[in-house]
Structures are given as C-alpha cells and as structure tokens.
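Chemist: Coordinates for the following, if possible.
(one chain, ligands or ions: 1)
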Amino acid sequence: MNNIVSIPNAVGYDTAEIIKKDKAHFLHPWLVFDVFKDKGSLPLARAEGAFVYDTDGKQYLDGAAGLWCTNIGAGRKEMAEAIAEQICIMEYASTFTDITNVPATLLGEKLAEIAPGNLNRIIYSTGGSTAMESACRLIQYYQRCRGKPEKRHLISRKSGYHGTTYLAISISGDKNHTPEFEYKSDTIHQLSCPNVFRPPEGMEGLSEDELTTALVKEFQDKVDELGADNVAAFFAEPIMGAGGVIPPPRDYLKQIWEICKDNDILYVSDEVITAFGRLGHWFASLDEFEVQPDIITSAKGITSGYIPLGATLFTEEIYKVISEPGHGRYFAHGFTYAGHPVACIAALKNIEIMERENLLDYVKTDIGPYFEEQLHTLRDLPIVGDVRGKRMMMCVELVKDQKTLERFPAELDIGSYVAKETYARGLILRGFMDYNIMSPPLILTKKDVDFIVKTLRESIEAALQSLKKDGLL
Ligand SMILES: Cc1ncc(COP(=O)(O)O)c(C=O)c1O
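Modeler: Residues are numbered from 1 along each chain as shown. Coordinates of the predicted model:
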C-alpha cells in the first residue's frame with residue numbers, strides 16, 4: 001500500500017507544480033512541441049455530468065465530451081460501482097484461444113443485438129485505432145482464406161481519420177501524415193474528401209447531387225483502375241470527425257456501398273465517433289445513411305470513456321469463411337486486453353443507462369435538433385463561414401471573408417484563437433485549423449446548449465475585436 005500515490009480530491013492542487021511535472025514527463029498525443037513549450041496544457045482534476053474542473057476549481061462545460069467519448073456524462077456512480085464490483089469479482093482474464101469471461105460474452109450478445117444486419121461477430125480491442133487495426137487484419141485474413149490474396153488494396157478518403165497505429169494512420173487522410181513518420185502507401189489509395197462546403201479540386205460549383213455523382217464516379221474509376229479483383233475494402237466514417245465534421249453529400253455513402261456490393265469489396269464503416277448515440281442511433285450506418293457495412297469499428301462511446309475499449313464487428317459471412325473447418329488455421333491476431341472483463345462490464349452498464357434514459361431518442365428528436373438549430377444562429381457573425389454536422393456532432397468553420405470563403409492564414413490557427421476565448425469563458429471545444437468542433441455529452445440540457453451558443457458567440461466577437469486591433473482583418 002505504501003506505493004500508492006495519494007491524489008487529493010480535486011482541491012488544494014498546486015497548479016504550477018502539476019504543469020511543471022506534465023511538461024517534464026508527458027509526451028501528449030499529437031503534441032505541438034513549440035506551443036506546448038510556451039503554453040503547457042490545461043490541467044483538469046475533476047468531472048461531473050457535462051462539466052469538468054481544472055486544478056484551480058474553474059468549471060468548464062465540456063463541449064468536446066473529452067474526445068467525442070463521454071456520452072453519458074461523467075461521475076456516474078452506477079458506472080463506478082459496476083466497474084468496482086467487477087474488479088472485486090475478477091479484475092482480468094486472458095481471452096487468448098480457449099478462455100473467456102462472463103462480461104465479454106454478455107457484451108458480445110448485446111452488441112450483436114443492437115448492430116445492424118448480421119454483424120454478430122466481434123474482435124475486442126482497446127480503442128479506435130486498435131479496432132481499425134483489427135479490421136485491417138481481418139480483411140487480409142478473410143481475402144486470403146477465400147483464395148483471393150490479390151485483393152489487398154484499400155481505399156479511403158483524404159481528411160478521414162481512423163487512428164494512429166501504423167495501418168490506421170496510413171489509411172487516415174494524408175493531411176494527418178507528417179514527414180517524420182513512414183506510412184504504408186503501396187496498397188492504400190485516398191480519394192477526395194466529400195466536402196460540400198469546400199468541394200474538392202475540379203468539383204467546385206456542383207450542386208450537392210452532382211457532387212455525389214462526381215465523387216462516386218471517382219470511386220468507380222479508382223476501382224476500375226486497380227481492378228475490382230485487387231480491391232479488398234473501402235473505409236469511411238459516416239460523418240468525418242477529426243477532419244472537420246464533414247457530413248457526406250446526399251446519397252454518396254449509399255451509392256459507394258452499392259458499388260462495393262457489386263464489386264465484392266468490403267465496406268468498413270468507422271463508427272468510433274458516430275456509434276453509441278452521438279447521432280441518435282446505436283450505429284449510424286444503416287439508420288442514418290442506409291448502408292449495411294460488412295465491418296463496423298467502434299470505441300469511445302461504447303463505454304462513454306470510463307474505461308478503454310474497442311470493438312470490431314463483422315458479419316456471419318466473413319466468420320463462416322475464416323472459420324471454415326479442416327484448414328487448421330488460427331487467427332494470429334489479438335490483444336492481452338481483448339474482452340477485458342472490466343471494460344466489458346463498463347460497456348454493458350453504459351448501454352443499460354442509455355437504454356433506460358432513452359438517450360438515443362433524446363438526441364434524435366430533442367437535444368440534437370435543438371443544438372443544431374441554435375448553432376445555426378451564429379451564421380450572422382461575419383467570420384462564420386459554415387455551421388454543419390448532425391445532432392451531437394457539430395462544427396463551426398471560420399472564414400476571413402464570408403463571400404469568397406477565403407481562409408484565415410494557417411499560421412493564425414483561427415480555430416484555437418477562438419477556442420482560447422471560449423476556454424476563458426468556461427467552454428471547452430476543439431479548436432484547430434479553421435474549425436470549432438463540438439461533440440458534447442449526450443445528456444446536455446437546453447440550458448447547456450444556450451450556454452455553448454452564447455459563449456461561442458461572445459468568443460467569436462472577442463476574437464473579431466482582437467483580430468481587428470492587430471490588423472489581421
Ligand atoms: C473515426 C475515428 N476512428 C478511429 C479513431 C482512433 O481512436 P483511438 O484514439 O481510440 O485509437 C478516432 C479517434 O478520434 C476516430 O475519430
């Protein structure tokens with residue numbers, strides 16, 4: 001017991017000391033070294049509902065839900081109790097080969113029940129990137145098992161984001177690629193970002209339906225160029241998240257899916273953000289976009305961030321092929337923490353809470369539409385170029401000129417310029433590039449929405465004033 005560090009209960013922190021230790025040791029994900037050196041990071045100490053508190057006790061509405069994940073909100077005692085109870089019953093069990101555990105089994109049954117179609121089979125992992133890595137491995141395995149080893153090319157989209165393990169980041173849009181890392185590119189092909197607000201080069205000035213036609217043609221052309229017999233899978237987030245909350249043009253995903261079906265190409269829907277209620281559904285692919293994927297990756301909202309967990313769901317058809325008897329095959333992939341009993345019990349309790357509180361309907365018919373509607377009122381501000389997204393996944397894109405849609409200089413980082421103002425006013429959102437991205441917990445009240453919209457308005461107005469003062473507008 002002597003080794004256990006005692007952590008004060010969110011009061012009495014020495015903030016300067018925490019920041020100093022953080023700077024001394026913690027290499028944060030996606031850290032920008034120069035900015036971090038000067039500004040450090042915001043040290044959070046406590047969370048409750050839709051709010052978080054820093055080490056000085058200042059309250060923030062968490063408009064980012066952590067990182068698109070704290071769907072049921074923080075501080076749920078019954079989550080803590082379920083997790084603690086499971087730790088007491090059995091804190092860990094290997095699931096390699098021939099051992100299983102009760103929570104992993106029950107969660108598997110539940111996921112199969114709420115997933116669309118016959119996505120009855122699950123590979124458990126520890127997060128979104130690993131769920132994607134498992135999807136990639138499964139695809140390779142499946143294509144080889146069925147005697148189609150030449151089907152190894154993968155198609156994704158620029159500005160997509162699928163995680164940071166080697167394959168997941170290689171499939172992610174090349175905007176995420178930096179020269180200091182290597183990326184796999186020989187079998188990965190990236191198509192245009194399906195952005196209605198800023199259409200890809202050569203597709204400007206098209207109507208939404210024409211844009212869909214152009215993007216679908218681009219996909220078909222790529223399949224033809226590679227040869228359908230060489231294409232294994234297509235990857236897409238239903239709504240791109242980290243790429244700037246990009247809802248697809250009307251019918252685009254469905255038409256691509258139909259081409260996938262016709263050409264024996266697996267359709268992988270990355271629902272790491274969109275599943276578990278963010279768009280008002282357990283999974284958005286079928287319910288929102290009329291696509292029945294062969295594989296769905298999920299993480300984040302599956303446990304509302306209480307404990308890390310990833311899940312790759314796939315069809316009976318795939319399972320039938322890979323498990324065909326008589327080959328003596330084994331699936332040489334999987335993690336020590338696959339089906340971790342504590343993570344699985346957390347997911348089961350999280351789903352139970354969402355069902356009991358009717359959170360999907362709340363997002364679909366009540367708070368989601370209200371959030372969208374209220375954010376659209378910001379369009380009168382002279383640097384708001386676009387307000388887009390769906391339900392609890394929204395983005396305000398900032399522009400220097402509303403008429404020409406000219407961007408602010410990249411080095412200004414207008415997204416974080418405005419976010420600095422929202423932080424000062426007690427609102428956390430994700431501000432980077434031209435974006436202010438919001439993905440709050442699903443338990444948000446209308447009063448909370450009003451606070452977000454009012455605070456963002458005041459913050460954009462304050463940013464406008466200082467941009468003018470500094471001669472940047
Ligand atoms: C769509 C999508 N896929 C995958 C990931 C990677 O998830 P993780 O960070 O849990 O590895 C993310 C993370 O934000 C994501 O947004």
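Chemist: Which part of this structure gets nearest to the ligand, residue-wise?
Modeler: As assessed by CB to the nearest ligand atom, the ligand sits closest to Gly128 within the chain, at 2.1 Å. Where you see a C-beta, it was placed from the backbone N, CA and C, and this is true even at glycine.
Chemist: Now for that residue, how many residues are close by?
Modeler: 29 (other CB atoms under 10 Å).
Chemist: Same check on Ser298?
Modeler: Around Ser298 there are 27 residues (other CB under 10 Å).
Chemist: Tell me what it is bridged to.
Modeler: For Ser298, the beta-bridge partners are Ala311 (DSSP bridges).
Chemist: how near is it to Tyr337?
Modeler: Using CB to CB, to the nearest Å, Ser298 is found at 16 Å from Tyr337.
Chemist: By mean pLDDT, which helix or strand of the protein comes out lowest?
Modeler: helix 33-39 (a mean of 89; mean pLDDT, DSSP states H and E).
Chemist: how about the very next helix or strand once past that helix: buried residues?
Modeler: Following helix 33-39 in sequence order, the next helix or strand is strand 44-48 (DSSP states H and E). By neighbour count on 16 or more other CB atoms under 10 Å, the buried set for strand 44-48 is 44-47.
Chemist: rewinding a little: what's near enough to touch the residue of the chain closest to the ligand?
Modeler: Residues in contact with Gly128 (CB atoms under 8 Å, 6 or more residues apart in numbering) are 162-163, 168, 270, 272, 297-300, 310.
Chemist: got it, and Gly173?
Modeler: Taking CB under 8 Å, 6+ apart, we find Gly173 in contact with 156-161, 190, 193, 243.
Chemist: Show me the one in these that has more neighbours than the rest.
Modeler: That'd be Arg157 among the contacts of Gly173, by other CB under 10 Å, with 28 neighbours.
Chemist: and that residue, what does it touch?
Modeler: 173, 190-194, 235-236, 240.
Chemist: Farthest pair within these?
Modeler: Ser192 and Phe235 (14.4 Å; CB to CB).
Chemist: Settle it for me: which of these two has more neighbours?
Modeler: Using other CB under 10 Å, the more surrounded residue of Ser192 and Phe235 is Phe235, with 26 against 18.
Chemist: Which strands border whichever strand or helix holds that one, and is each parallel or antiparallel?
Modeler: Per DSSP H and E, Phe235 falls inside strand 231-236. Strand 231-236 sits in its sheet next to strand 153-157 (parallel), strand 266-270 (parallel), going by DSSP bridges.
Chemist: Pick the most buried one from those.
Modeler: Neighbour counts (mean count of other CB atoms under 10 Å) averaged over each of those peak at strand 266-270, with a mean of 28.
Chemist: That one: how far from the chain's middle?
Modeler: 14 Å (CA atoms, centre = their mean, to the nearest Å).
Chemist: Next: stretch 197-211.
Modeler: The answer for stretch 197-211 is 25 Å, by CA atoms, centre = their mean.
Chemist: Not counting its own residues, what contacts that stretch?
Modeler: Residues outside stretch 197-211 that contact it (CB under 8 Å, 6+ apart): 158, 192-194, 196, 214-215, 249-252, 385-386, 388, 397, 405.
Chemist: With stretch 227-234 instead?
Modeler: Against stretch 227-234 from outside (CB under 8 Å, 6+ apart): 139-140, 143, 148, 150-156, 219, 223, 256, 260, 263-268, 294-295.
Chemist: Using neighbour counts, pick out the buried residues of that stretch.
Modeler: Applying 16+ other CB under 10 Å to stretch 227-234 flags 228, 231-234 as buried.
Chemist: CA-only coordinates of that stretch in CSV, if you can.
Modeler: Below are the C-alpha coordinates for stretch 227-234, written out as CSV (Å, rounded to 0.1, in the frame of the first residue of the first chain):
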residue,chain,number,x,y,z
GLY,A,227,-9.2,-3.8,-60.9
ALA,A,228,-12.0,-4.9,-58.7
ASP,A,229,-10.3,-8.2,-58.1
ASN,A,230,-7.5,-6.4,-56.4
VAL,A,231,-9.6,-4.2,-54.1
ALA,A,232,-10.2,-5.6,-50.6
ALA,A,233,-12.1,-2.8,-48.8
PHE,A,234,-13.4,0.7,-48.6
